[in-house]
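[1] coordinates only, sequence not included:
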């Protein structure tokens with residue numbers, strides 16, 4: 001999944017960027033955001049084997065669907081014995097087994113808007129060298145019902161500087177350890 005299109009970047013920058021420049025910088029920015037957050041944002045299918053427990057946190061999140069859960073013999077565990085959450089699964093009726101294998105789909109089908117904006121902003125920082133701070137023209141941000149107010153943000157003409165913007169957006173989607 002592309003974090004943004006060449007047209008979106010051209011609109012954001014206010015100038016035309018070649019497809020070659022766009023792709024190389026896009027790949028770098030995508031990798032940097034995923035490395036920092038500790039997760040891939042593109043929806044994909046995964047399989048994990050785990051020791052059985054009543055609550056199982058899966059490696060890739062958010063979990064969209066669980067395809068199937070099998071025990072060590074390969075028998076499918078009844079889906080009515082567990083609930084699926086964004087972080088994993090919770091059994092409310094434990095099967096008689098020690099190891100289970102979980103096949104599931106995790107990630108975002110649509111990239112979260114703050115991550116897209118962060119990717120565009122980082123790309124702009126790479127492609128356009130400017131002396132003035134950049135970032136969104138705001139001193140608070142609301143995403144997924146969470147409002148963050150930047151009381152100690154280094155503001156310049158009402159715009160957040162780079163470090164504040166990076167921390168505010170990326171830390172919402174970062175896995176462990178979270179920076180508070």
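    Perfect, thanks for sending it. Quick caveat, the model's predicted, so the values are computed rather than measured.
[2] Helix, strand, or coil at residue 3?
    Assigned with DSSP: H, G, I helix; E, B strand; the rest coil, residue 3 falls in the coil class.
[3] which residues touch it?
    For residue 3, the contact set (CB atoms under 8 Å, 6 or more residues apart in numbering) comprises 26, 29-30, 33, 41, 111, 115-116, 119-120. Quick note: C-beta positions are derived from backbone N, CA and C, even for glycine.
[4] For it, which non-adjacent residue is closest in space?
    residue 119 (4.1 Å; CB to CB, 6 or more residues apart in numbering).
[5] Quick check: that neighbour is in a strand.
    No - assessed with three-state DSSP, residue 119 is helix; it does not lie in a strand.
[6] Let me know how buried residue 63 is, in neighbour terms.
    If you count neighbours by other CB atoms under 10 Å, residue 63 ends up with 20.
[7] if we can go back for a sec, may I ask which of the contacts of residue 3 has the most neighbours?
    residue 119 (25 neighbours).
[8] need the contact list for it.
    Contacts of residue 119 (CB under 8 Å, 6+ apart): 3-4, 26, 29-30, 33.
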